[in-house]
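1. no FASTA, just this:
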DNA sequence: TTGACTTCGTTGCAATTGCAACGATATTGG
DNA sequence: CCAATATCGTTGCAATTGCAACGAAGTCAA
């Protein structure tokens, strides 16, 4: 109607794409492990290192509000996947890390994730590496953003 | 820890990217027009045609739950941006279209949207067209999905 | 040391959300 | 025509969410 074309509009396209993909992938772990999306994200993040990670570090990188991270961590702790402890050097900080049970879950989940990822990239064929790179560039071009809350 | 690399994992990367971009763009219309994200999406969709559109057509394309579309439509109707009417040929269907006021708002918003879009693509430089195309390919490679609800 | 200020994670609360159930309408098969 | 079934949009409700406010802990300057 106006010369604005929704189908070429990046925020819209990305939102639809990412929510579809996120939902589709979630089917692989929701039933099987009883994880919500924020819980999966937290677990995935913790699986990247053996060092303990603070709530702040997570919500900065993962674009989740800190309350979301905090609640996901509590639920995961209750279920035995995550261990919370107080950082002795700075007692404001909470240290999060995976328990043995948590690591075992990731061992099971990781192959599914890799497979899903591969499947996405197959659809792109040769364009896949360029796409990955483009996503990375876009992410870095966005300002690191403020100080407190992200949304989810 | 395991050989799963979150930074290369598409669903995660896309989710972070899209939520950042969506939030960033939302700053342009939230204060100025008092629109929520779902409301903007509905308006944007309606701006693409002068024909009336049903709730179903929208939530199918826009990946929003139908209740979300329904509520966005009601709020927008109350505020005079959208006109709801019953389709006489099939009285189950609700016809949605922009009012004059709604069109005027889009006229104001469209340039902002185009500008934001351009700004995103600039970060990509030459890779921009390929990126757009890749997003489209990915979107089409995802199954059109079930029948009832989307999420948002 | 003290007092002002900052940072961290949790929690209260209101708003938003997704899902299921519903009433209304339409379609289909007999 | 009628009964069974399907589709559409709205709504009730419980769960999730974002935001602000908070207490606890740390930092800094005087």
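-> Structure received. All values derive from a computational prediction rather than experimental measurement. Numbering: from 1, shown residues only, chains lettered A, B, ... in the order given.
2. please report the distance of residue A:102 from residue A:137.
-> 33 Å (CB to CB, to the nearest Å). (Each C-beta comes from the backbone N, C-alpha and C, glycine too.)
3. does residue A:73 really touch residue A:82, like I thought?
-> Yes. Taking contacts as CB atoms under 8 Å, residue A:73 lies within contact range of residue A:82: 5.9 Å.
4. which residues are in contact with each of the two?
-> A:42, A:96 (CB atoms under 8 Å, 6 or more residues apart in numbering or on different chains).
5. correct me, but residue A:85 touches residue A:93?
-> No. Applying CB under 8 Å, one finds residue A:85 not in contact with residue A:93, separated by 9.6 Å.
6. looking at those two, which is more packed in?
-> Higher neighbour count among residue A:85 and residue A:93: residue A:93, with 17 against 11, using other CB atoms under 10 Å in any protein chain shown.
7. any part of stretch A:34-45 near chain B?
-> Yes. Applying CB under 8 Å from any CB of the partner chain, one finds stretch A:34-45 touching chain B at A:41, A:44-45.
8. among these, who's most crowded?
-> residue A:41 (26 neighbours).
9. give me the number of residues near residue A:57?
-> Neighbour tally, residue A:57, other CB under 10 Å: 15.
10. phi and psi next, for it.
-> Backbone torsions of residue A:57, given as degrees, to the nearest 10, read phi -60, psi -40.
11. okay, which residue is most central for chain A?
-> residue A:41 (3.4 Å; CA atoms, centre = their mean).
12. not counting sequence-adjacent ones, nearest residue to that one?
-> residue A:62 (5.4 Å; CB to CB, 6 or more residues apart in numbering or on different chains).
13. so how far is DNA strand D from the residue nearest to the centre of chain A?
-> 10 Å (CB to the nearest atom of the strand, to the nearest Å).
14. what do you get for residue A:110?
-> 22 Å.
15. test my guess that that residue contacts residue B:6.
-> No. At 10.2 Å, residue A:110 does not count as touching residue B:6 under the criterion of CB under 8 Å.
16. spell out which residues are contacts of both of those two.
-> residue A:47.
17. returning to what we had before: the more surrounded of residue A:102 and residue A:137?
-> Neighbour comparison, residue A:102 and residue A:137: the larger count goes to residue A:102, with 21 against 14 (by other CB under 10 Å).
18. just the helices from chain A, written as ranges.
-> A:10-33, A:37-46, A:55-62, A:66-78, A:100-124, A:128-141 (DSSP state H).
19. pLDDT (mean, whole number) over the fifth one?
-> So that's helix A:100-124. The pLDDT scores in helix A:100-124 average 95.
20. same check, this time on the third one
-> On average, the pLDDT along helix A:55-62 is 93.
21. not counting its own residues, what contacts that helix?
-> A:41-42, A:45, A:64-66, A:68-70, A:73, A:93-94, A:96, A:149-150, B:16.
22. how does it look with 7 Å?
-> With contact meaning CB atoms under 7 Å, 6 or more residues apart in numbering or on different chains, helix A:55-62 is reached by A:41-42, A:45, A:65-66, A:69-70, A:73, A:94, A:96, A:150, B:16.
23. now do the last one
-> Among residues not part of helix A:128-141, those counted as contacts by CB under 7 Å, 6+ apart are A:121, A:124, B:8, B:13-14, B:16-17, B:120, B:123-124, B:127, B:130-131, B:134.
24. try 8 Å this time
-> A:121-122, A:124, B:8, B:10, B:13-14, B:16-17, B:20-21, B:120, B:123-124, B:127, B:130-131, B:134.
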